[in-house]
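# coordinates only, sequence not included:
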């Protein structure tokens, strides 16, 4: 209607946050739900933990893929009463969001990624930023990928060694946090707190071991380009991408637009892989701008009633719970 504010027009838009740092929801959940600007859309934020991570239990069987997470998350959103929703995703969550945006288009209507590894077209001249992005990606794959090789080949060797070893988790996780962040942020108190919070959650929920299973069950980093270029993995709904320069495998518009229906692209050079922690305001602005540009408002979205039993948290304790099919070398 003429004169209607954007917030009233959008009402509360169902928003599912994919995998991101465990503590990042505190930075963007509230502002997205309660924007200070009446012209900004407001969201119902649903932030599930992937199976094996933090608040979720182990994957229920061997061979559990990120595509299975997408199926479960789509069912979750529908069970909560949201027949249409958008997704924001990074890290492994990018592949969950990609699956939702390619196979679940009746319900997933919009995708925003802050991680979207993609190959550049052949035979093109690179811009200055594309050269920097390509150099960052090459350095990552050549010099920093050893952790992923260990987890995708022998996840239990590392997982059991770290399970009751908080100092080991700190070294394992903290090193990567610093390698994938803007160097200017690494010495700041908020970054130290983010690392300690993440390490604490890995340790106290006992999820360090099962969190390694996606590396075992998913394409290797060296195979990401081939995966996203397959026709069945193209994002068919409108999607946006924010290219953060300090990401592990940042991409450029000309690369990402080859992998789906890219309608929004923005470059930010002040953050890295965990953008929701380093630059939450910028990430939220990009999500809002994508929504204003591409979301078709839903007429009637109501707030689902909370479950009568309340919230239940799970803990992934290793003792006597290592599934035989997930022992190193035991996958079928």
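That came in fine, so what should we check first? Keep in mind that this is a model prediction, so the values were computed, not measured.

# contacts, neighbours, all on C-alpha from now
Noted.

# where in the stretch 201-332 of the chain is pLDDT low?
In the predicted model, the stretch 201-332 of the chain carries pLDDT under 70 at residues 297-332.

# Go through stretch 74-90 and flag the buried ones.
If you call a residue buried by 16 or more other Cα atoms under 10 Å, then stretch 74-90 has these buried ones: 74, 77, 82, 83, 84, 85, 86, 87, 88, 89, 90.

# Same check on stretch 219-228?
Along stretch 219-228, these residues count as buried under the neighbour rule (16+ other Cα under 10 Å): 219, 221, 224, 225, 227, 228.

# Pop out the phi and psi values for the residue nearest to the spatial centre of the chain.
The centre of the chain sits closest to residue 90, judged by Cα atoms, centre = their mean, with a distance of 2.8 Å. Here is the backbone geometry of residue 90 (degrees, to the nearest 10): phi -150, psi 170.

# Check whether it really touches residue 111, as I assumed.
No. Using Cα atoms under 8 Å, residue 90 is not in contact with residue 111; the gap is 10.8 Å.

# Find the residues that touch each one of those two.
Here residue 90 and residue 111 have no joint contacts, going by Cα atoms under 8 Å, 6 or more residues apart in numbering.

# mind checking how far the host helix or strand of residue 135 is from the chain centre?
Residue 135 belongs to helix 128-143 when assigned by DSSP states H and E. Relative to the mean C-alpha coordinate of its chain, helix 128-143 is positioned 21 Å out (Cα atoms, centre = their mean, to the nearest Å).

# List the buried residues of the following helix or strand past it.
Per DSSP H and E, the first helix or strand lying C-terminal to helix 128-143 is helix 146-153. Neighbour counts over helix 146-153 (16+ other Cα under 10 Å) mark 148, 150, 151, 152 as buried.

# Also stretch 162-172?
Within stretch 162-172, judged by 16+ other Cα under 10 Å, the buried ones are 162, 163, 164, 169, 170.

# Out of those residues, which comes closest to residue 37?
Using Cα to Cα, residue 170 comes nearest to residue 37 of the buried residues of stretch 162-172, at 38.8 Å.

# just checking, the closest one touches residue 196?
Yes. In this structure residue 170 lies within contact range of residue 196 using Cα under 8 Å: 7.5 Å.

# Helices of the stretch 1-150 of the chain, start to end?
6-10, 25-33, 66-79, 93-103, 128-143, 146-153 (DSSP state H, counting those that start in this stretch).
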